[in-house]
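Asks: pasted the sequence and its predicted model underneath.
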Amino acid sequence: MTLKRTPLYSAHQKLGGRLVEFGGWEMPVQYASIMDEHLAVRAAAGIFDISHMGEVWVTGAEAANFLNATLTNNAAKLAPGQAQYSLLCNERGGVVDDLYLYCVGKETFLLIINASRIEADMEWLCARHAAFAKRDAVLMNNVSAEYGAVAVQGPRVAEFIDQCFTGSGTIKVTCPTQLQKNEVDIFSFADRDVFVARTGYTGEDGFEIVTPADTIEAAWNRLLEIGQPFGLKPAGLGARDTLRTEACLPLYGHELDENTTPIEAGVGFFVALDKGDFIGRAVLAEQKANGVARKCVAFKMTDKSAPPRPHYPIWSVGPDAKKIGEAASGTQSPSLGIGIGLGYVPTEFAQPETPIEIEIRGRRSPAVVVRKPIYKKKT
Amino acid sequence: MSTQIPADLKYAKSHEWSRITADTAIVGITDHAQHELTDIVFVELPAVGRVVKAGEACAVVESVKTASDIYAPLSGEVVEVNKAVTDNPALVNTDSYAAGWFFKLKLAAPTESALLLSPDQYRQQIGG
């Protein structure tokens, strides 16, 4: 299979990025060092190519109603200029994808979906659309190939991001730093409309910028130029993964899949049971009311050990020690200098401070369940 | 990129170096290997007394992203391991040919070293 390349491919080559396969895409895992890139985002700023992510327009008089019947969060709460995290579930409450929903007009929504799920999402969205009574008043358009995107993340980003855009936003704010968390506006860059959202996947303040594909390299270069005095570094998928793991943000294919519900995954906050019916609601309502048998927990290694990795077995401790689950994600935490991870365990082991063990190459090392997030940004 | 390949060492295709003196060899991983792995955060070494065969996986290095096996370049008994490198795995990144050594072998078959790569052959292999 030929790997897909983002419009920033040559920019990554110029910067010496190490390109690897990720979900069918050839992406930079790192430029110089995952550790340095991670710490740059925690202390200053990093810029990530997220052009592989998918974009889908959902528009029309019934767009909000269609989204509310299809996604878990309440789209009706969004005014133009607001964004929300939401999930696309199947009838069993299993997660088809997790996504961001931008409301840029009363009848105009943009879905930002995972690269590896674009086809699966479109198949499911089209099936739901076909089953939606007022489908004639909802238009869906997968424009993933027409857009590029970057995430600019870190505590110093707000010091330079406004320099990238001259005019006001067309929805409500005059500059990106006026956006609150989970707000979005449309700015002009190189005479093109670009979406700027105060969102991210690192646990830090930051912005995600979606532009027409032919404009993304100019935006990338401009941001690198204006961010450089503030310590902005290009950062790869390696740092993106360690940052989101510390922040306990789920990654599709690790914490989330079609056999896992948002309640089990610990993102039940984004399931709005009070908005009327939606796909998966029956199962999710039952789980919210009666609890779930297994939960996604965060854990830290307590002794010096090799870092945990995905699929390493999780054990209970004591005389009846047994295998109780497995790690979904695991890495060395660059911020904390110890091994950390996320994994599914029976609910009785999900309380913070529950001792557990992680099996690493046949030997068990002590760990402890901790409250999420593992790393919280300094305020 | 100028990777270091000291002239007085022998190399394995799997990126270990050996400093051979009579019937012992000190083993570590090359500058090229540490550069490829980047940010080494954990090193697991074989137990002293373990007998290993050439090509046998006997140590593990972990970077932030992945775990990689390290292979014994020669057959023999592990007679010493570098505790400094398990305490401070970053030594592999900063000083891969000296302070970042892994273990010392008492060689079972010193003639095996003829099968290892010369510095020039190793440079060719990595395209340096």
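Replies: That came in fine, so what should we check first?
Asks: where do the strands sit along chain B?
Replies: B:10-11, B:16-21, B:24-29, B:40-44, B:51-52, B:57-63, B:67-71, B:76-81, B:103-107 (DSSP state E).
Asks: which residue is nearest the middle of chain B?
Replies: With distances taken as CA atoms, centre = their mean, B:G28 lies nearest the centre of chain B, 2.5 Å away.
Asks: I figured it hits B:E16, correct?
Replies: Yes - with contact defined as CB atoms under 8 Å, B:G28 counts as touching B:E16 (6.9 Å). No exception for glycine: its C-beta is placed from N, CA and C like everyone else's.
Asks: what touches both of the two?
Replies: By CB atoms under 8 Å, 6 or more residues apart in numbering or on different chains, B:G28 and B:E16 have these common neighbours: B:F102.
Asks: any chance of the strands of chain B in JSON lines with mean pLDDT and distance to chain A as columns?
Replies: Listed next are the strands of chain B as JSON lines, based on pLDDT from 0 to 100; distance: least, CB to the nearest CB, whole Å:
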{"stretch": "strand B:10-11", "mean pLDDT": "98", "distance to chain A": "23"}
{"stretch": "strand B:16-21", "mean pLDDT": "97", "distance to chain A": "19"}
{"stretch": "strand B:24-29", "mean pLDDT": "98", "distance to chain A": "16"}
{"stretch": "strand B:40-44", "mean pLDDT": "97", "distance to chain A": "4"}
{"stretch": "strand B:51-52", "mean pLDDT": "98", "distance to chain A": "16"}
{"stretch": "strand B:57-63", "mean pLDDT": "97", "distance to chain A": "5"}
{"stretch": "strand B:67-71", "mean pLDDT": "97", "distance to chain A": "7"}
{"stretch": "strand B:76-81", "mean pLDDT": "98", "distance to chain A": "16"}
{"stretch": "strand B:103-107", "mean pLDDT": "98", "distance to chain A": "17"}
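Asks: do you know which of those lies nearest A:Y100?
Replies: Closest of these to A:Y100 is strand B:57-63, at 30.6 Å (criterion: CB to CB).
Asks: buried residues of the closest one, list them for me.
Replies: Judged by neighbour count using 16 or more other CB atoms under 10 Å in any protein chain shown, the buried positions of strand B:57-63 are B:58-63.
Asks: who are the packing partners of it?
Replies: strand B:40-44, strand B:67-71 (3 or more CB pairs under 8 Å, 6 or more residues apart in numbering or on different chains; DSSP states H and E).
Asks: residues contacting A:F270?
Replies: A:F270 is in contact with A:72-73, A:84-87, A:262, counting by CB under 8 Å, 6+ apart.
Asks: switch the cut-off to 6 Å
Replies: By CB atoms under 6 Å, 6 or more residues apart in numbering or on different chains, the contact set of A:F270 is A:72-73, A:85-86.
Asks: that one - nearest residue in space that isn't next to it in sequence?
Replies: Excluding its sequence neighbours, the residue lying closest to A:F270 (CB to CB, 6 or more residues apart in numbering or on different chains) is A:N73, at 4.8 Å.
Asks: doesn't the one you found belong to a helix?
Replies: No - counting by DSSP: H, G, I helix; E, B strand; the rest coil, A:N73 is not part of a helix but coil.
Asks: export stretch A:213-224 as PDB, just CAs?
Replies: Extracted C-alpha coordinates of stretch A:213-224, given in PDB (Å, rounded to 0.1, in the frame of the first residue of the first chain):
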ATOM      1  CA  ALA A 213      -4.300  22.200   1.700                       C
ATOM      2  CA  ASP A 214      -2.400  24.600  -0.500                       C
ATOM      3  CA  THR A 215      -2.000  27.100   2.300                       C
ATOM      4  CA  ILE A 216      -0.900  24.900   5.200                       C
ATOM      5  CA  GLU A 217       2.900  25.100   4.400                       C
ATOM      6  CA  ALA A 218       2.800  28.900   4.400                       C
ATOM      7  CA  ALA A 219       1.000  28.800   7.800                       C
ATOM      8  CA  TRP A 220       3.500  26.200   9.100                       C
ATOM      9  CA  ASN A 221       6.400  28.400   8.100                       C
ATOM     10  CA  ARG A 222       4.900  31.600   9.400                       C
ATOM     11  CA  LEU A 223       4.100  30.000  12.700                       C
ATOM     12  CA  LEU A 224       7.700  28.600  13.000                       C
END
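Asks: returning to what we had before: what pairs with the residue nearest to the centre of chain B across the strands?
Replies: Beta bridges link B:G28 to B:W17, judged by DSSP bridges.
Asks: save the contacts of A:F270 as JSON lines, and put in neighbour count and pLDDT too.
Replies: Compiled in JSON lines, these are given as follows (neighbours: other CB atoms under 10 Å in any protein chain shown; pLDDT from 0 to 100):
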{"residue": "A:T72", "neighbour count": "29", "pLDDT": "98"}
{"residue": "A:N73", "neighbour count": "23", "pLDDT": "98"}
{"residue": "A:Y85", "neighbour count": "17", "pLDDT": "98"}
{"residue": "A:S86", "neighbour count": "26", "pLDDT": "98"}
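Asks: any idea which of those residues is closest to chain B?
Replies: Using CB to the nearest CB, A:Y85 comes nearest to chain B of these, at 26.1 Å.
Asks: and that closest one, what does it touch?
Replies: By CB under 6 Å, 6+ apart, A:Y85 lies in contact with A:100, A:270.
Asks: residue 54: what's it in contact with?
Replies: By default, I'm working from chain A. Applying CB under 6 Å, 6+ apart, we find A:G54 in contact with A:113, A:118, A:144.
Asks: can you look at chain B instead?
Replies: Under the criterion of CB under 6 Å, 6+ apart, the neighbours of B:A54 are B:72, B:74-75, B:112.
Asks: ok, it to B:P46 distance?
Replies: Distance, B:A54 to B:P46, by CB to CB, to the nearest Å: 14 Å.
Asks: buried set for stretch A:276-286?
Replies: For stretch A:276-286, by 16+ other CB under 10 Å, it's A:278-281, A:283-284.
Asks: how about those in a markdown table, adding secondary structure, distance to chain B and pLDDT?
Replies: Shown next, in a markdown table, are these (DSSP: H, G, I helix; E, B strand; the rest coil; distance: CB to the nearest CB, whole Å; pLDDT from 0 to 100):
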| residue | secondary structure | distance to chain B | pLDDT |
| --- | --- | --- | --- |
| A:F278 | coil | 37 | 98 |
| A:I279 | coil | 36 | 98 |
| A:G280 | coil | 34 | 98 |
| A:R281 | helix | 38 | 98 |
| A:V283 | helix | 35 | 98 |
| A:L284 | helix | 34 | 98 |
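Asks: farthest pair in those?
Replies: The distance between the two most remote of the buried residues of stretch A:276-286 (CB to CB) is 11.3 Å, for A:F278 and A:V283.
Asks: please, which helix or strand holds A:V196?
Replies: strand A:192-197 (DSSP states H and E).
Asks: chain center to that strand: distance?
Replies: On the basis of CA atoms, centre = their mean, to the nearest Å, strand A:192-197 sits 19 Å off its chain's mean C-alpha point.
Asks: please put the alpha-carbon coordinates of the helix or strand just after it into PDB.
Replies: Downstream of strand A:192-197, the first helix or strand assigned by DSSP H and E is strand A:206-212. Only the C-alpha atoms of strand A:206-212 are listed here, as PDB (Å, rounded to 0.1, in the frame of the first residue of the first chain):
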ATOM      1  CA  GLY A 206      -3.100  26.000  22.400                       C
ATOM      2  CA  PHE A 207      -4.700  26.200  19.000                       C
ATOM      3  CA  GLU A 208      -5.600  24.000  16.100                       C
ATOM      4  CA  ILE A 209      -5.600  25.600  12.700                       C
ATOM      5  CA  VAL A 210      -7.300  24.100   9.700                       C
ATOM      6  CA  THR A 211      -6.500  25.700   6.300                       C
ATOM      7  CA  PRO A 212      -7.000  24.800   2.600                       C
END
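Asks: good, we can wrap up now.
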